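*Asks:* Make a model of this:
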Amino acid sequence: MNITESKAGEINIVSIEGRLDTTNYGELEHHLSSLTDNDEVQILLDLSQLEYISSSGLRILLMFLKKIKAAEGRFMLCSMSNDIKEIFEISGFINIFEIFDDQEAALK
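*Replies:* Numbering: from 1, shown residues only. Have a look, this model is predicted:
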């Protein structure tokens, strides 16, 4: 998994490439924690290059959604492939997260 970060105004854009599963979810947790620990609570997760997400990956996203909402921030997801979107639909997470088709739509 490869994680990159950029910024658009107040929003931190975090892009994930590869697989998010039990072997590497801690890497994403560490990266997101470094943002939230510095009161960076406007986060857009770009999933355009995400190939797979396991239940551990879903759990870490849910954990940060709760943490960021408690800090009155926004935790948004964008650019899901059909396979990733299906995982979110099956798990019921599709209705929990703020999801956009692409970065442009999320940043409006």
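*Asks:* got a list of what residue 41 touches?
*Replies:* By Cβ atoms under 8 Å, 6 or more residues apart in numbering, the residues touching residue 41 are 35, 68, 71, 72, 73, 74, 75. The C-beta positions use only the backbone N, C-alpha and C, and glycine is treated the same way.
*Asks:* Mind picking the two most distant members of these?
*Replies:* The span of the contacts of residue 41, defined through Cβ to Cβ, is set by 35 and 72 at 15.0 Å.
*Asks:* Grab the nearest non-local neighbour of residue 20.
*Replies:* Excluding the flanking residues, the one nearest residue 20 by Cβ to Cβ, 6 or more residues apart in numbering is residue 57, at 3.6 Å.
*Asks:* Could you measure from the one you found over to residue 108?
*Replies:* 27 Å (Cβ to Cβ, to the nearest Å).
*Asks:* In terms of secondary structure, what does the longest strand along the chain contact?
*Replies:* In the chain, assigned by DSSP state E, the strand with the most residues is strand 42-53. In terms of contacts (3 or more Cβ pairs under 8 Å, 6 or more residues apart in numbering; DSSP states H and E), strand 42-53 is packed against strand 11-20, helix 25-36, helix 55-70, strand 74-78, helix 82-91, helix 103-107.
*Asks:* Pick the most buried one from the ones you listed.
*Replies:* Most buried of the helices and strands packed on strand 42-53, by mean neighbour count (mean count of other Cβ atoms under 10 Å): strand 74-78, with a mean of 21.
*Asks:* now for that strand, which elements pack on it?
*Replies:* Looks like strand 74-78 contacts strand 42-53, helix 55-70, strand 98-100, helix 103-107 (3+ Cβ pairs under 8 Å, 6+ apart).
*Asks:* Okay, and the beta partners of the residue nearest in space to the middle of the chain?
*Replies:* In the chain, the C-alpha nearest the mean C-alpha coordinate belongs to residue 45, at 3.6 Å (Cα atoms, centre = their mean). Beta-bridge partners for residue 45, by DSSP bridges, are residue 14, residue 77.
*Asks:* show me the contacts for the residue lying closest to residue 103 once chain neighbours are set aside.
*Replies:* Of all residues not flanking residue 103 in the chain, residue 78 sits nearest, at 5.5 Å (Cβ to Cβ, 6+ apart). Residues in contact with residue 78 (Cβ under 8 Å, 6+ apart) are 44, 45, 46, 47, 48, 99, 100, 101, 102, 103, 105, 106.
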